[in-house]
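Engineer: Quick one, fold the following:
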Amino acid sequence: MVALLIGSAVFQIDVGVCSMVIAAILLVLAPHKHKPAVNNVTWSAVLLVCGMLTYMSVLKANGTLEFLGDAAASLGSPLLTALILCYAVAAVSAVGSSIGTLGIVLPLAAPLLMMGEVGLIGFVAAVSFSAVIVDVSPLSSNGVMVLANAQVPDRDKFQRALFKYTGYIVLVAPILAWLFVVLPTSM
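Structural biologist: Purely as a prediction, here's the structure:
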């Protein structure tokens, strides 16, 4: 832990890279001592999270998310735009990181909020709710951890149940957040 802290804080090494280097060094120095820890890692979850984070980075780097934000803002109806952004955030968060999605979408929504027709606090609350309510998705970073650590007799059945639940929540939660939070604070 000290090496990670020093590497990232003092030498400005990326935390992920620094932790991987430290893990590799520990495995080289004492491979048999750390074997149980390596065997208990759910590698499919690690690959899924890394893949989704890479996907989100590509969407951000090529301007897709900014394009979608601009397209939503050009609709002419700020309340409709707020609803579309709630749905977009729920869908993207279901396959990625909620915090990462919020970090991308909230700055893109600034032009919408500057118009003054949508309540700031209500919009931020609704978008945040839409982002985190889907965290149980087996494709999101948190959902992968739930799936990897679930003590259930049939993991495939549990995964299908999580997918069904996530689909239902992606369809229902944004409209409820919009109806009960955005609309009342925007009137």
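
Engineer: Next SSE downstream of the helix or strand of the chain with the lowest mean pLDDT?
Structural biologist: Least confident helix or strand of the chain, by mean pLDDT, DSSP states H and E, is helix 64-73 with a mean of 73. Next in sequence after helix 64-73, counting helices and strands by DSSP states H and E, comes helix 78-93.

Engineer: Show the secondary-structure elements that the helix or strand following that following helix is packed against.
Structural biologist: Using DSSP H and E, the helix or strand that follows helix 78-93 towards the C-terminus is helix 98-108. With contacts defined as 3 or more C-beta pairs under 8 Å, 6 or more residues apart in numbering; DSSP states H and E, helix 98-108 has these neighbours: helix 43-61, helix 64-73, helix 78-93, helix 120-132. (Each C-beta comes from the backbone N, C-alpha and C, glycine too.)

Engineer: Can you mark which positions in stretch 108-115 are buried?
Structural biologist: 108-109, 112-113 (16 or more other C-beta atoms under 10 Å).

Engineer: Need the residues that contact stretch 157-175.
Structural biologist: Residues outside stretch 157-175 that contact it (C-beta atoms under 8 Å, 6 or more residues apart in numbering): 83, 86-87, 89-91, 94, 126, 129-130, 133-134, 136-139, 143, 146-147, 150, 152.

Engineer: picking up where we left off before, Val21 is nearest to which of the helices and strands packed on helix 98-108?
Structural biologist: helix 43-61 (16.4 Å; C-beta to C-beta).

Engineer: just the CA coordinates of that closest one, formatted as PDB?
Structural biologist: This file holds the C-alpha atoms of helix 43-61, laid out as PDB (Å, rounded to 0.1, in the frame of the first residue of the first chain):
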ATOM      1  CA  TRP A  43     -11.100 -12.800 -14.300                       C
ATOM      2  CA  SER A  44     -14.300 -12.600 -16.500                       C
ATOM      3  CA  ALA A  45     -15.400  -9.700 -14.300                       C
ATOM      4  CA  VAL A  46     -12.100  -8.000 -14.600                       C
ATOM      5  CA  LEU A  47     -12.200  -8.300 -18.400                       C
ATOM      6  CA  LEU A  48     -15.700  -7.100 -18.600                       C
ATOM      7  CA  VAL A  49     -15.100  -4.000 -16.500                       C
ATOM      8  CA  CYS A  50     -11.900  -3.200 -18.500                       C
ATOM      9  CA  GLY A  51     -13.800  -3.700 -21.800                       C
ATOM     10  CA  MET A  52     -16.600  -1.400 -20.700                       C
ATOM     11  CA  LEU A  53     -14.300   1.300 -19.400                       C
ATOM     12  CA  THR A  54     -12.400   1.100 -22.700                       C
ATOM     13  CA  TYR A  55     -15.700   1.400 -24.600                       C
ATOM     14  CA  MET A  56     -16.700   4.400 -22.600                       C
ATOM     15  CA  SER A  57     -13.300   6.000 -23.200                       C
ATOM     16  CA  VAL A  58     -13.600   5.400 -27.000                       C
ATOM     17  CA  LEU A  59     -17.100   7.000 -27.000                       C
ATOM     18  CA  LYS A  60     -15.800  10.000 -25.200                       C
ATOM     19  CA  ALA A  61     -12.600  10.300 -27.300                       C
END
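
Engineer: Nothing else from me, thank you.
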